[in-house]
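S.K.: Give me coordinates for this.
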Amino acid sequence: MAYYKGLSLDGKKALVFGGTSGLGKSIALGLAEAGADVVPVSRRAEGVAKTAAEIRALGRNTIELTADVTRREDVQRVADAVVKEMKRIDILVNSAGMTKRIPSLECSDEDWDRILSVNVKGTWLACQIVGRVMREQQYGRIINIASIGSFQSLHEAAPYCASKGAVAMLTKALGAEWTKYTIAVNAIGPGVFETPLNTKLINEPARKRSILSHTPMQRFGTLEEIRGAAVFLASDAAGFVTGQCLHVNGGPYLA
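M.R.: Just a heads-up that it's a prediction; the model follows:
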């Protein structure tokens, strides 16, 4: 099948945190389909093993690693292992994340700290640790996962919105700062995508009507529809793109 050669990821080495479920897994498989060797990482070994098998079935190389992205030593161990095995890290995707619907006046310190730790600290640690590898290479593509909640309020999700707003601004700051190392840092801003974990919730009639009333395309996204954006941002076709958030959300207006 013919395609624009600038979108090929042949020979690239990719590391995907949160790469064994939902959007992260879809992105990991999309990068592999585009030609990259991909290392999907999460906290659970069984998820890593399953996704690694799917990557190998696509004819790509991988290694099986687990990590808690809130622990610097875990992220460093993963980066060191990938460099040892694959010699470099060309692409980093930060898809590990969490949320919890809770009224703000009832939000505990534990809820706040956990959401901010996973979504912001985890993204920061991976960017910094893998960014050092990319600086030595003088090349890299970093893709963070932002959200509609980075730019507008979501009902009873203040900690999540705060964390994703931070991810969007971190992306802008690093994207501008790291151009001197030929590292591009961008984000994807997903809308509502149907995943095995949220299917029941988002299809609850009242919630579904509310979501679709703010979505001009009048449907949820499918997991496959996130892959093209990730492949583009990871590829040489995006060589003049940095510090941006590419919205893949069915068209909502973002103030």
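
S.K.: how about the strands in this structure?
M.R.: In the chain, strands defined by DSSP state E lie at 13-17, 37-42, 65-66, 91-94, 140-145, 183-190, 245-248, listed in chain order.

S.K.: Report pLDDT for the closest residue to residue 125 other than its chain neighbours.
M.R.: Nearest-residue entry for residue 125: residue 75, 4.7 Å, with adjacent residues in sequence omitted and distances by CB to CB, 6 or more residues apart in numbering. The way it works is simple: take the backbone N, C-alpha and C, and place the C-beta from them, glycine included. Here the pLDDT value assigned to residue 75 is 98.

S.K.: Compute the distance between residue 75 and residue 155, please.
M.R.: In this structure, residue 75 lies at 32 Å from residue 155, with CB to CB, to the nearest Å as the measure.

S.K.: hang on, residue 24 packs against residue 95?
M.R.: Yes: because the distance of 3.1 Å satisfies CB atoms under 8 Å, residue 24 is recorded as touching residue 95.

S.K.: Next, show the common contact partners of these two.
M.R.: 16, 17, 18, 145 (CB atoms under 8 Å, 6 or more residues apart in numbering).

S.K.: Around residue 56, how many other residues sit close by?
M.R.: By other CB atoms under 10 Å, 12 other residues sit near residue 56.

S.K.: How about the contacts made by it?
M.R.: Contacts for residue 56 were tallied using CB under 8 Å, 6+ apart; they are residue 62.

S.K.: For residue 18, see how far away it is.
M.R.: 20 Å.

S.K.: Equivalent analysis for residue 149, please.
M.R.: In this structure, residue 149 and residue 18 are 17 Å apart, going by CB to CB.

S.K.: Likewise for residue 223?
M.R.: Residue 223 sits 13 Å away from residue 18, taking CB to CB as the criterion.

S.K.: Would you check that residue 214 makes contact with residue 250?
M.R.: No: in this structure, residue 214 sits apart from residue 250 without contact. The criterion is CB under 8 Å, and the distance is 9.0 Å.

S.K.: Looking at the two, which is more packed in?
M.R.: Here residue 214 and residue 250 are set side by side on neighbour count (other CB under 10 Å), and the busier one is residue 250, at 20 against 15.

S.K.: Just give the nearest non-adjacent residue to that one, would you?
M.R.: Setting aside the residues directly before and after it, residue 250 is nearest to residue 217 in space (CB to CB, 6+ apart), at 3.8 Å.

S.K.: circling back: looking at residue 75 and residue 155, which one has more neighbours?
M.R.: A direct count of neighbours by other CB under 10 Å for residue 75 and residue 155 places residue 75 higher, at 24 against 10.

S.K.: which one of residue 24 and residue 95 has more residues nearby?
M.R.: Set side by side, residue 24 and residue 95 give different neighbour counts by other CB under 10 Å, the larger being at residue 95 (30 against 26).

S.K.: show me the contacts for that one.
M.R.: By CB under 8 Å, 6+ apart, residue 95 lies in contact with 16, 17, 18, 19, 22, 23, 24, 27, 145.

S.K.: Local confidence estimate at the first one?
M.R.: In the predicted model, residue 16 carries a pLDDT score of 98.

S.K.: now swap in the last one and tell me
M.R.: Residue 145 is assigned a pLDDT of 97 by the prediction.

S.K.: Could you give the number of residues near it?
M.R.: 28.
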